[in-house]
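Trainee: Take this sequence and fold it.
(chains A and B)
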Amino acid sequence: MSCCAPGAEMALDLESSMLILPSSQEIRLASRSLGADLRQTDLSVPTVHCAACIQTIETAMGKLDNVEGARVNLSTKRVAIRWRGAQVPPFVAALGRLGYEAHLFAPEVDEKDKTLAELIRAVAVAGFAAANIMLLSVSVWSGAEGATRDLFHWVSALIAIPALAFAGGIFFRSAWNALRHGRMNMDVPIAVGVSLAYAMSLYETINHGEHAYFDASVSLLFFLLIGRTLDHVMRERARTAVKGLSQLAARGAMVLRADGARDYLPVGEIEPGMQLLIAAGERIPVDGKIIQGASDLDCSLVSGESTPKNVASGEAVQAGVLNLTGPLTIEATAAAKDSFLAEMVRLMEAAEGGRAHYRRVADRVSTLYAPVVHLTAFVTFLGWMAATGDWHRAMTIAIAVLIITCPCALGLAVPIVQVVAARRLFESGIMVKDGSAMERLATIDTAVFDKTGTLTLGQPRLVNSGSIDPVMLAIAADLAAHSRHPFSKAIAGFAIPGWQHKFDAVTEHPGFGIEATDAGSTWRLGRRGWAGWKARTGGEGKHGYGGTVLTKNGMIVASFVFQDALRADACATIDRLKHAGMSVEMLSGDTAAACAEVAQGLGVDDFVPCLLPSGKVERIETLAKNGHKVLMVGDGLNDTPALRAAHVSIAPATAADIGRNAADFVFLRESLLAVPLALDVSRKAGSLIRQNIAIAIVYNAVAVPIAILGHVTPLIAAIAMSASSLLVIGNAMRLRSSVPGSQVKEVRPSRRSDTNELARS
Amino acid sequence: MTTLIYLIPVALFLGALGLGGFLWALRSGQYEDLDGAAERILIDRDDGAENATRSK
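Mentor: Next comes the predicted model:
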């Protein structure tokens, strides 16, 4: 990503122009104590990306009262802020003013990646041992004789012990675990080969033998550990990035007690019957019934419906919807575990079965590979025993076979390609959850898109701005800046910078609109019927009369028509997918008319409207039954079960938390071109993986007969092994420069207008 | 032959020193933010700012 001038760092999406600040209770709930009054809060800030950002944030945070210090982690895009005192410093607001959108996320205090640390330590120890033993071995190969050779062998044996115990432990444990459960895995031949080689070498050393295999057994561990570490890094890195993006799902709510006391309780402690106060801009944490207040609810995450829903007291609300305009008091009707969210989770679990059976290429190869290797080595041993009767010689050759076939190249073949591919995607703003996702994506033949929030942005845009009087539009924009309603946000963007109409009082009427007065007249922006009936102008153009109007003293002076904007490059994306041989389909919970319009605009052949979450799952399962491999692209909570049910799934970063967790890929930028790009890279990666496995197999086909015939010296074994590994790595690197013409251009929204600044202050 | 008696331990000691250094760096979190480390050298800061960010 390119560097930026300070101040120009913009949020990833336009949606962020409305920042919903977590309350200070929430921040306190999410922070952790470092002892002695000091607390640390970790925030995810997806937009930091250069030195200027680091400096801006760290200096600004340092200047806040009670803040001890802040540290930006650019790799994980997080900021750790240490603070003290009873009052939570306003760091989220401060970040917002700097132009950085910050989210809280659940701190995983003790979940530091222990496995990775252990793997890296093992790699370091194995590398150290391998290098030193190799030095001694080279001396032996170049002609050290007699006592010198024995000394070198003894020193090698000593160095190898910690390496085997520490670095080899990873393989021994895994192999033992597999054997105990009656299974075979790739670690079994490694463990057997390495320990047999060590034992045999020790025997040779004691008997002043010429050949020892210490170098082979340790460098084998070294190479395999590199492969394993890469594999782990790639999965873990993308996973933390996805986690870091967690948007603010309600973490708790203000509870109104019977005696009038107010308590902020975490979601888990909210019980049916409790009264909750939901301010405008907060998410509703549990299913409930409104007992007081009226407001507009943004249900897009839950139902996929983009138009805000008008609610009044007495109506039921679902967990996960966003309260837009007015404060509400609701009575919880279900605990968090029984809510709509929980039902989604159940649907997801039910749909999971299909994918759990998928096995990675490496696993499939290794199940075939391990028995073959053992059998070959064993047969070699028997053959040489039968031919010569010399058990020592037979054993040596059998070990040579075991070592030379050891799946070094195979162990590296898959992870190295996946790391390179994941890096490639990461640079284009796409996160991959794990390697098997790429393998699965490469095989799909049907792409299914959700409509709202995926093909469209899920944000209304004003479409008739051209036919509205610019002065009226500017007045409307000024009014709209006072509201969080999506329509208001769309209008607020049309403000004329520096021009401010003088209003005396601005009040928002939840569910209806905004009212303001200036010298002598009353302005209303909102629902037709509430704002006024009589039209002064007729020039609304081809779009006709909208439902949202601006009135002056009851006279309609402008009417606004909104349409959900298509995501950037949606058309090009569909084209490219079709070009790649996919059949494209659209599923939506929206009405048939709305779907038809979008489908026609994009050239999507099939669509199914008015679907419930379970309907989407059924549709995908039907496709799967007909032998299709389905890619699901969706964002809403209602898409989550479908994301799980599909063979592979992609979600935008703006998706619901739970949706991002269900998806295999998450793309961060606005452009949908991420989908064909991910497909391209995955297909390319798939073919490179197959090539690499082929290289490994060819290598074995050549090396194994030589080893069986007893011609392999330790030197040849070491060289052959390293060469095959390097070949595999080199092949994987080809991915970096390939995949032409599918670069996703970074979408940088223009500078936020002043009105939006006003809206958030 | 006699020189080897010294040289081999010396070689091993130096190697172990490197290994120890690496493990120390790993433990003290120097590999936790590689991207950040690469960018931070570009930050031109005075002493005050340095203290603020170094205080971790």
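Trainee: Tell me the spacing between the residue nearest to A:Asn310 when sequence neighbours are not counted and A:Ile278.
Mentor: Closest residue to A:Asn310 apart from its sequence neighbours, by Cβ to Cβ, 6 or more residues apart in numbering or on different chains: A:Gly511 at 4.8 Å. C-beta coordinates here come from the backbone N, C-alpha and C atoms, glycine included. To A:Ile278, A:Gly511 is 14 Å away according to Cβ to Cβ, to the nearest Å.
Trainee: The two: who's more crowded?
Mentor: Taking other Cβ atoms under 10 Å in any protein chain shown, A:Gly511 and A:Ile278 do not tie; A:Ile278 has more neighbours (26 against 22).
Trainee: Let me see the contact set for that one.
Mentor: Shown in contact with A:Ile278 (Cβ atoms under 8 Å, 6 or more residues apart in numbering or on different chains): A:Ala253, A:Met254, A:Ile284, A:Asn323, A:Pro327, A:Leu328, A:Thr329, A:Ile330.
Trainee: again, 10 Å this time
Mentor: For A:Ile278, the contacting residues are A:250, A:253-254, A:284-285, A:288, A:290, A:293, A:295, A:297, A:317, A:321-323, A:326-330, by Cβ atoms under 10 Å, 6 or more residues apart in numbering or on different chains.
Trainee: One more: A:Ile729?
Mentor: Contacts for A:Ile729 (Cβ under 10 Å, 6+ apart) come out as A:Ile226, A:Gly227, A:Leu230, A:Ala409, A:Leu412, A:Ala413, A:Ile416, A:Val417, A:Val420, A:Asn692.
Trainee: of those residues, closest to A:Gly615?
Mentor: Proximity of the contacts of A:Ile729 to A:Gly615, judged by Cβ to Cβ, is greatest for A:Val417, which lies at 37.6 Å.
Trainee: In this structure the closest one contacts A:Met438, no?
Mentor: Yes: with contact defined as Cβ atoms under 10 Å, A:Val417 counts as touching A:Met438 (8.7 Å).
Trainee: now the contacts of A:Ile729 as a markdown table including pLDDT?
Mentor: Below are the contacts of A:Ile729 laid out as a markdown table (pLDDT from 0 to 100):
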| residue | pLDDT |
| --- | --- |
| A:Ile226 | 84 |
| A:Gly227 | 80 |
| A:Leu230 | 79 |
| A:Ala409 | 69 |
| A:Leu412 | 75 |
| A:Ala413 | 78 |
| A:Ile416 | 80 |
| A:Val417 | 84 |
| A:Val420 | 82 |
| A:Asn692 | 86 |
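Trainee: Need the nearest residue in space to the residue of chain B at minimum distance from chain A, chain neighbours excluded.
Mentor: Nearest to chain A in chain B, going by Cβ to the nearest Cβ, is B:Gly36, at a distance of 3.5 Å. In this structure, B:Gly36 finds its nearest non-sequential neighbour in A:Leu74, 3.5 Å apart by Cβ to Cβ, 6+ apart.
Trainee: per-residue confidence averaged over the longest helix along chain B?
Mentor: In chain B, with assignment by DSSP state H, the single longest helix is helix B:2-27. Computed over helix B:2-27, the mean pLDDT rounds to 87.
Trainee: what about that helix, distance to the chain center?
Mentor: On the basis of Cα atoms, centre = their mean, to the nearest Å, helix B:2-27 sits 15 Å off its chain's mean C-alpha point.
Trainee: do the same with stretch A:403-421
Mentor: Relative to its chain's centre, stretch A:403-421 lies at 25 Å (Cα atoms, centre = their mean).
Trainee: again, but for stretch B:16-36
Mentor: Distance, stretch centre to chain centre, for stretch B:16-36: 5 Å (Cα atoms, centre = their mean).
Trainee: Just want the most central residue of chain B.
Mentor: Geometric centre of chain B, nearest residue: B:Ala25, 4.8 Å, by Cα atoms, centre = their mean.
Trainee: Nearest residue to it in space, ignoring adjacent ones along the chain?
Mentor: B:Tyr31 (7.0 Å).
Trainee: ok, A:Ala394 - how many residues close by?
Mentor: Here the number of neighbours of A:Ala394 (other Cβ under 10 Å) works out to 20.
Trainee: Helix, strand or coil: sort out it for me.
Mentor: What DSSP: H, G, I helix; E, B strand; the rest coil gives for A:Ala394 is helix.
Trainee: if I pick the closest residue to it other than its chain neighbours, what's in contact with it?
Mentor: Spatial nearest neighbour of A:Ala394, excluding adjacent residues (Cβ to Cβ, 6+ apart): A:Trp384 at 3.6 Å. For A:Trp384, the contact set (Cβ under 10 Å, 6+ apart) comprises A:Asp390, A:Trp391, A:His392, A:Arg393, A:Ala394, A:Met395, A:Thr396, A:Ile397, A:Ala398, A:Ile708, A:Leu709, A:Gly710.
Trainee: Please repeat the previous calculation with a cut-off of 7 Å.
Mentor: Residues counted as contacts of A:Trp384 (Cβ atoms under 7 Å, 6 or more residues apart in numbering or on different chains) are A:Arg393, A:Ala394, A:Ile397.
Trainee: Many thanks, I have nothing further to ask.
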